[in-house]
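Chemist: when you get a sec, could you give me coordinates for this:
(one chain, ligands or ions: 1)
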Amino acid sequence: MEHLSVLKKDVQKYLNLKGGEIVVDATLGLGGHAEDILKSIGKSGRLIAFEQDERNLDEAKKRLEDYKKQIDYIHDNFRHLKSRITGRRKSVSTKEAQIDAILFDLGLSSPHVDDASRGFSFSKEGPLDMRFDPHGELTAEIVVNTYSEEELTKIFFEYGEEKMSRKAAREICSRRNDKKFSTTTEFGEFLETILPRKRSGRASKTHPATKIFQALRIEVNDELNVLKETLEQSAEILKVGGRVVIISYHSLEDRIVKKFFKSLEKPPATEEQSLYQTHGDPIVKKLTKKPVIPTDQEIEENPRSRSAKLRAYEKLREI
Ligand SMILES: C[S@@+](CC[C@H](N)C(=O)[O-])C[C@H]1O[C@@H](n2cnc3c(N)ncnc32)[C@H](O)[C@@H]1O
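Modeler: Below is the predicted model of the structure:
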């Protein structure tokens, strides 16, 4: 299994690690960024690594075998970031949590897309699944075959920004009355027949099913709510001077990241309007003026990096 880590140099630059630091990799994947982190923090450093996909976790463990004494592996959704960390360090209150840096490299890893049986790709025949955690209860098949027309319209519009969400939902509901959808290719081909390839008068390069597949994946894994909740937790467990680096792969995630940290860069003056104790003083400082994006060369070598946007922040004061 292989996954080319995205924006490797920039991740290390903005994590700005020193020997002995305690770092959270919230999205371990196959451990590419984690390996760089471990090199930077040295033998006295510690890595707390979250990964909800068991297979990726096992692969990362093999890759990071030489560093195993320095790593706490947490097979869990990063939405439990704060409780899993403060639970492990019982003597540490949230205010005193000693996390020096946190990395989020959101979304899918290459094995998710390459392995047809995970059901993420409309170009490879597999079950309509799309769960990051194969033990999760909700699958894309359940969403497609049981959600109401209204619910489907809403998720296609909100999570896929699909302009033809209503038409897609209506056609899906009418077709599933005759025969339920069960495979990715069958569903993708159906979408191709009902959605135009031409958008705004021009032939689009993206497959007509792209946005709807994105919407289903977000719904199945509750990705946007998980991200919102976890960003708050990350601001709480980071120590003053600590850094958080986030790589997102679509505009919905990037918007959530930008909006959340903006509220900490310029918190409102009163506590009623704010999540945290506030006097209007900034809680974080932005380290990346603009989001950092891959170079043309990186995109050529790793086309999956093309939509990546990296933002980084430093915590300035206790909250
Ligand atoms: C883009 S990959 C990370 C790749 C990794 N940085 C590397 O260099 O190999 C994202 C990983 O995060 C995991 N993931 C996504 N959402 C998660 C969540 N809410 N909790 C825990 N892991 C998550 C996915 O299963 C996937 O393995």
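
Chemist: what mean pLDDT does stretch 289-299 get?
Modeler: Throughout stretch 289-299, pLDDT has a mean value of 97.

Chemist: who touches it?
Modeler: Outside stretch 289-299, the residues that touch it by C-beta atoms under 8 Å, 6 or more residues apart in numbering are 6-7, 10, 14, 254, 302, 305-306, 308-312. To be clear about C-beta, it is placed using only N, CA and C from the backbone, and glycine gets the same treatment.

Chemist: which of those residues count as buried?
Modeler: 6-7, 10, 14, 254, 302, 305, 308-312 (16 or more other C-beta atoms under 10 Å).

Chemist: and the residues you listed, which is closest to K262?
Modeler: Closest to K262 out of the buried ones among the contacts of stretch 289-299 is R311 (10.6 Å), distances taken as C-beta to C-beta.

Chemist: name the element that closest one belongs to?
Modeler: Element membership for R311, per DSSP states H and E: strand 309-315.

Chemist: got the contact list for that strand?
Modeler: Residues outside strand 309-315 that contact it (C-beta under 8 Å, 6+ apart): 7, 10-11, 14-15, 235, 238-249, 254, 257-258, 261, 264-265, 283-288, 291-293.

Chemist: go again with 7 Å.
Modeler: Here strand 309-315 makes contact (C-beta atoms under 7 Å, 6 or more residues apart in numbering) with 7, 10, 14, 235, 238-248, 254, 257-258, 261, 283-288, 291-293.

Chemist: only whichever of these are buried, select them in PyMOL.
Modeler: To isolate the buried members of those in PyMOL, using 16+ other C-beta under 10 Å:
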select buried, resi 7+10+14+235+238+239+242+243+244+245+246+247+248+254+257+258+261+283+284+286+287+288+291+292
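
Chemist: can you tell me if the strand holding R311 touches the ligand.
Modeler: No. Strand 309-315 lies out of reach of the ligand by C-beta under 6 Å from any ligand atom, never closer than 11.8 Å.

Chemist: where's that strand relative to the chain centroid, distance-wise?
Modeler: Centroid separation for strand 309-315 versus its chain: 14 Å, with C-alpha atoms, centre = their mean, to the nearest Å.

Chemist: and it, C-alpha only, in PDB?
Modeler: Provided in PDB are the C-alpha atoms of strand 309-315 (Å, rounded to 0.1, in the frame of the first residue of the first chain):
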ATOM      1  CA  LYS A 309      -4.800  23.800   1.000                       C
ATOM      2  CA  LEU A 310      -2.700  24.100   4.200                       C
ATOM      3  CA  ARG A 311      -3.400  26.600   6.900                       C
ATOM      4  CA  ALA A 312      -1.400  27.000  10.100                       C
ATOM      5  CA  TYR A 313      -2.000  28.900  13.400                       C
ATOM      6  CA  GLU A 314      -0.100  29.400  16.700                       C
ATOM      7  CA  LYS A 315      -1.900  29.700  20.000                       C
END
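
Chemist: kind regards, and thank you for your time.
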